[in-house]
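**Q** next one to model:
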Amino acid sequence: MKRLLIAVWLIMVPGVALAFDPATRATRIGVLRGDGDVQQFVVDTLRKELRERGFDAFDALRTHEELIEDGAAVADFYIELAGARTTTTEHGGVGIGGRHGDVSLGLLISRVAAELRVYDGETLELVASHDLAKRNTALVPTSVGIGSRALFAWVALPFIERAQVRSVMRATAREAAVVVAEAVSKPAE
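**A** Modelled structure (predicted):
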């Protein structure tokens, strides 16, 4: 039995070793840090989207300026999300009331805009730049109220607005991942 196990081991080990190809590796993409919560949420989501597309995306733990000062090239490409900003505006609304409760519906428009920059990992030259802009319009409940003639309580629902903004930021990150994938897969010119 021992001889059989040794024979199987001698046959299997070289086959497994030959199957390992150290030359093929995923493209490493360093995601540079920005400022602000909006930008960080989009950057984190972008990193996840890139990983799902087969890239080795990681947090570079520094800004573009710090990368230039340090000069260490540990990625094939670096990406930066510059000037990410969101706005949400309410355009009108309607209140619907009943005997013991009311709800206010508002037309919310959420927008996210940013500039995506892709840099070469060794030279830090700009490879691609793309303006990202996403918008979402929805009729959503903005507040609810309960009570009677004598006593009435009204509560705003800001979490619905935040959920809409996060949805737009996720869509922006997905668009950015597509742009990055196209930029890094282009052959060098």
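**Q** C-alpha from now on. contacts and neighbour counts both.
**A** Will do.
**Q** so who does T172 touch?
**A** T172 makes contact with V42, V112, L132, A133, K134 under the criterion CA atoms under 8 Å, 6 or more residues apart in numbering.
**Q** the same query, at a cut-off of 6 Å, please.
**A** If a contact means CA atoms under 6 Å, 6 or more residues apart in numbering, then T172 has no contacts.
**Q** return the distance of the strand or helix carrying it from the chain's centre.
**A** Using DSSP states H and E, T172 maps to helix 158-185. Between the mean C-alpha location of helix 158-185 and the chain-wide mean there is a distance of 5 Å, by CA atoms, centre = their mean, to the nearest Å.
**Q** and the strands in this structure?
**A** 28-31, 56-59, 77-97, 101-120, 126-147, 152-156 (DSSP state E).
**Q** what number of residues lie near the closest residue to G97 other than its chain neighbours?
**A** The spatially closest residue to G97, leaving aside those adjacent along the chain, is V103, at 6.4 Å (CA to CA, 6 or more residues apart in numbering). By the criterion of other CA atoms under 10 Å, V103 has 19 neighbours.
**Q** could you do E125 as well?
**A** Burial of E125, expressed as a neighbour count using other CA under 10 Å, amounts to 12.
**Q** what about the residue nearest to it when sequence neighbours are not counted, distance to E80?
**A** The shortest distance from E125 to any residue that is not its chain neighbour, by CA to CA, 6+ apart, is 5.3 Å, and that residue is Y119. Going from Y119 to E80 by CA to CA, to the nearest Å gives 8 Å.
**Q** try A133
**A** Between A133 and E80 the distance is 15 Å, computed by CA to CA.
**Q** returning to that earlier point: tell me what the residue nearest to E125 is bridged to.
**A** Residues in a beta bridge with Y119, per DSSP bridges, are Y78, L126.
**Q** so what's it up against?
**A** Applying CA under 6 Å, 6+ apart to Y119 gives the contacts F77, Y78, E125, L126, V127.
**Q** next: V112.
**A** V112 makes contact with R85, T86, A133, K134 under the criterion CA under 6 Å, 6+ apart.
**Q** buried ones among these?
**A** By neighbour count, with 16 or more other CA atoms under 10 Å, the contacts of V112 hold T86, A133, K134 as buried.
**Q** excluding its backbone neighbours, what's nearest the spatially most central residue of the chain?
**A** By CA atoms, centre = their mean, the mean C-alpha position of the chain lies nearest to T45, the distance being 2.3 Å. If the residues on either side of it in the chain are set aside, T45 comes closest to A173, at 5.9 Å by CA to CA, 6+ apart.
**Q** so what's that neighbour up against?
**A** A173 makes contact with V42, T45, L46, according to CA under 6 Å, 6+ apart.
**Q** okay, it: pLDDT?
**A** Looking at A173, its pLDDT stands at 89.
**Q** from I29, how far off is it?
**A** When distance is defined by CA to CA, A173 is 15 Å away from I29.
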